[in-house]
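J.: next one to model:
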Amino acid sequence: MSSSFRIPSMPQSDEIDIVELVRSLWQQKKLILTFTLGIGLLATSYAFVATPEYSVSSVLRPAALNELDALNRSEVYKLPPEAALIKVGVSLESYETRLSFFKENQKLFEAFVRPGQSLEQSFEAFNRDSITLSRSQSQSAGVVSPEIILQLNYPKGIDGVAILNNFVSYTVESERLKIASDMRVIVKNRVNEIQSKLSAARANYDNEKQARIASLLERDNVKRAQLQDELRALRIQLKELRADRMSQIDEAITIAKSLGINKPTTPSLLGESDHPSSNVMKTEINNQQIPLYFMGVQALLAERTALSRRTNDDFADGRIAQISKELQLLRTNREVEVLNSRSNEELFLSGVQPLRAEMIRLQNLNVDMEDLKLVSIDKQALEPTNPIKPKRLLVIMLGLLCGLILGLGGAIAVYIFSRSRNNSV
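T.: Below you'll find the model as predicted:
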């Protein structure tokens, strides 16, 4: 009787034995050391071969109040120090300003120019990766002041200090020239505006003067016409009165002849003519007008002869002499004569004294734009002592660490592979 009995083998556990793992890693220390040194050597090579990159910065603050005092006192251009700083900051960020600086200083940017690229493409790479601008607030002695920080990162072989400092100076100068140009334009526009107002005042004065002269001459013409009408009417009236008087005299002469009155007499004397009394002197008081024929034929004939010979009756009425006087005065209007004889009519313009004063002020405005200081450069870019990258020690340490991790990873992989193969057997 035969029988077979097989004892089943116990399956090995999948758990990793730490002691065995450490022993395996120690056995593969050459592999780990190889990875560590190899990666560390590559990192060291990169740290010493890579082109160093440097960083410089410049800090701008608001200019002192007295630096912009002359500009603000001009009453033409208002620019507080904080606004001037913001204005310069906006220009520092401007693509147009940076491109203009790039084009005008190509020697400083020769390292950024790549073959086959246009000037604008080379500038785009520089502008995108190199210059950064930030704004912040600083506090000194309890006073909060805005500031602008401009930072430039550049590789070795480029004069980054000159680029940044020249760029700041170029931008500030560009803004100063813009403000100076704005000042000239504003002053010119204001002067033109004042000249237009003065021209309008002169035209208004001329119109008022001509209107005044026309009014005076018209008034004189009306007055002269009225006086001439009155003079003609008076002469006609006097002529008619003379004719009436002659008719009355003719009638009186007829009556006087019929009564036999040759010389002037009175009614009482006429009644006593038949009884003359030479020794008696009489005085007659009568409030009634004595008829004209009592003047007698001789006197009436003499008066009629004088009236018929008269060629002008003007002397018979004093009003005619008055009219002649007034007409004589109307021949020349002295006010019109004075108005036309003014030699300097600018003196008679009304409401233009403030304009003239402003014109003189603007023409004599003396703001020294050459020395205008828009911002205060609190910190200029200085030559850096150390590059910001690569940081060699850090790169080497990271290389060694990465090599160690890779070596350990490889050793662990070898251990797991060998263990799984043994288990399968």
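J.: pLDDT weak spots in the stretch 201-350 of the chain?
T.: Along the stretch 201-350 of the chain, segments meeting pLDDT under 70 span 270-288.
J.: one more time with 90, if that's ok
T.: Where the stretch 201-350 of the chain drops to pLDDT under 90, the residues are 256, 259-297, 303, 307, 310-317, 342-350.
J.: so Arg23: helix, strand or coil?
T.: Under DSSP: H, G, I helix; E, B strand; the rest coil, the three-state class of Arg23 is helix.
J.: what are the buried residues along stretch 121-128?
T.: Of all the residues in stretch 121-128, those buried under the rule 16 or more other CB atoms under 10 Å are 122-124, 126. From N, CA and C alone the C-beta is placed, and that goes for glycine too.
J.: and it, how far out from the chain middle?
T.: 38 Å (CA atoms, centre = their mean, to the nearest Å).
J.: who touches it?
T.: With CB atoms under 8 Å, 6 or more residues apart in numbering as the contact definition, stretch 121-128 has outside contacts at 95, 98-99, 102-103, 109, 112-114.
J.: ok, stretch 31-40 next?
T.: So stretch 31-40 is contacted by 25, 396, 399-400, 402-404, 406-408, 410-411, 414 (CB under 8 Å, 6+ apart).
J.: do stretch 202-222 as well
T.: 330, 333, 335-336, 339-340, 345-346, 348-350.
J.: can you lay out these as JSON lines showing distance to Glu75, neighbour count and secondary structure?
T.: Formatted as JSON lines, those follow (distance: CB to CB, whole Å; neighbours: other CB atoms under 10 Å; DSSP: H, G, I helix; E, B strand; the rest coil):
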{"residue": "Leu330", "distance to Glu75": "54", "neighbour count": "15", "secondary structure": "helix"}
{"residue": "Asn333", "distance to Glu75": "47", "neighbour count": "16", "secondary structure": "coil"}
{"residue": "Glu335", "distance to Glu75": "42", "neighbour count": "11", "secondary structure": "helix"}
{"residue": "Val336", "distance to Glu75": "43", "neighbour count": "16", "secondary structure": "helix"}
{"residue": "Leu339", "distance to Glu75": "38", "neighbour count": "16", "secondary structure": "helix"}
{"residue": "Asn340", "distance to Glu75": "40", "neighbour count": "10", "secondary structure": "helix"}
{"residue": "Glu345", "distance to Glu75": "30", "neighbour count": "12", "secondary structure": "helix"}
{"residue": "Glu346", "distance to Glu75": "25", "neighbour count": "12", "secondary structure": "helix"}
{"residue": "Phe348", "distance to Glu75": "29", "neighbour count": "12", "secondary structure": "helix"}
{"residue": "Leu349", "distance to Glu75": "24", "neighbour count": "16", "secondary structure": "coil"}
{"residue": "Ser350", "distance to Glu75": "25", "neighbour count": "9", "secondary structure": "coil"}
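J.: the residues you listed: which two are farthest apart?
T.: The span of these, defined through CB to CB, is set by Leu330 and Glu346 at 31.4 Å.
J.: now do the same contact list for Leu99.
T.: 120, 123, 127.
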